[in-house]
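[1] Dropping a prediction and its sequence here:
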Amino acid sequence: MYIDGSWVTADETRPVINPADESVIAVVPEADASHAEQALEAARRAQREWGRKSGPERGAALRAIAGAIRARREELARLVVAEQGKTITEARGEVGDAAAGFFDYYATFERAQVGSMFAPTRRTSTSSSSRYRTAWWSASSPGTTRRRSSPGRWRRP
């Protein structure tokens with residue numbers, strides 16, 4: 001299995017069986033709790049990096065994944081047929097339209113609105129609000145107050 005940029009082995013394995021002829025098409029590692037912890041920690045680190053990327057950078061990454069799926073669509077569809085017993089038509093739709101389409105759809109959010117603009121109270125200022133995760137943010141300009149609901153508050157000097 002692939003965790004944090006490396007292939008990882010496990011003490012136990014499991015066969016993947018083709019339901020059409022009951023042949024073994026692969027043998028895969030059986031993850032245990034330590035593998036799950038490694039994967040969760042890797043995901044936490046990756047999320048911090050992903051959160052620092054701009055919308056267009058995220059969109060480009062998601063479109064690249066969709067393109068890679070489409071480039072290998074036939075190969076991936078044949079694996080789905082062998083592993084799950086689906087028809088090739090259904091597998092092609094699952095791989096190309098559904099899986100690649102999922103990444104394409106979320107790539108369109110690269111320039112999505114992430115907050116709201118409010119009418120300024122003065123001609124020389126703007127006011128906006130954004131929500132990230134569970135925190136509420138508000139900022140006014142020029143040079144007034146920046147706030148974060150939790151934990152703490154910041155003020156510009």
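    Ah, there it is. Numbering: from 1, shown residues only.
[2] CA only for contacts and neighbour counts going forward, please
    Fine.
[3] Could you point out the longest helix of the protein?
    helix 33-52 (DSSP state H).
[4] What residues sit buried inside the next helix or strand after that helix?
    Once helix 33-52 ends, the next helix or strand along the chain (criterion: DSSP states H and E) is helix 55-71. Within helix 55-71, the residues that count as buried by 16 or more other CA atoms under 10 Å are Gly55, Arg58, Gly59, Ala60, Leu62, Arg63, Ala64, Ile65, Ala66, Gly67, Ile69, Arg70.
[5] Please, where are all the strands along the protein?
    2-3, 6-7, 13-17, 24-29, 115-118, 126-132, 135-141, 145-148, 154-155 (DSSP state E).
[6] Endpoints of stretch 44-61, how far apart?
    18 Å (CA to CA, to the nearest Å).
[7] That one: how far from the chain's middle?
    9 Å (CA atoms, centre = their mean, to the nearest Å).
[8] Tell me how many other residues crowd the closest residue to Gly59 other than its chain neighbours.
    Spatial nearest neighbour of Gly59, excluding adjacent residues (CA to CA, 6 or more residues apart in numbering): Ala107 at 4.1 Å. Neighbourhood size, Ala107 [other CA atoms under 10 Å]: 22.
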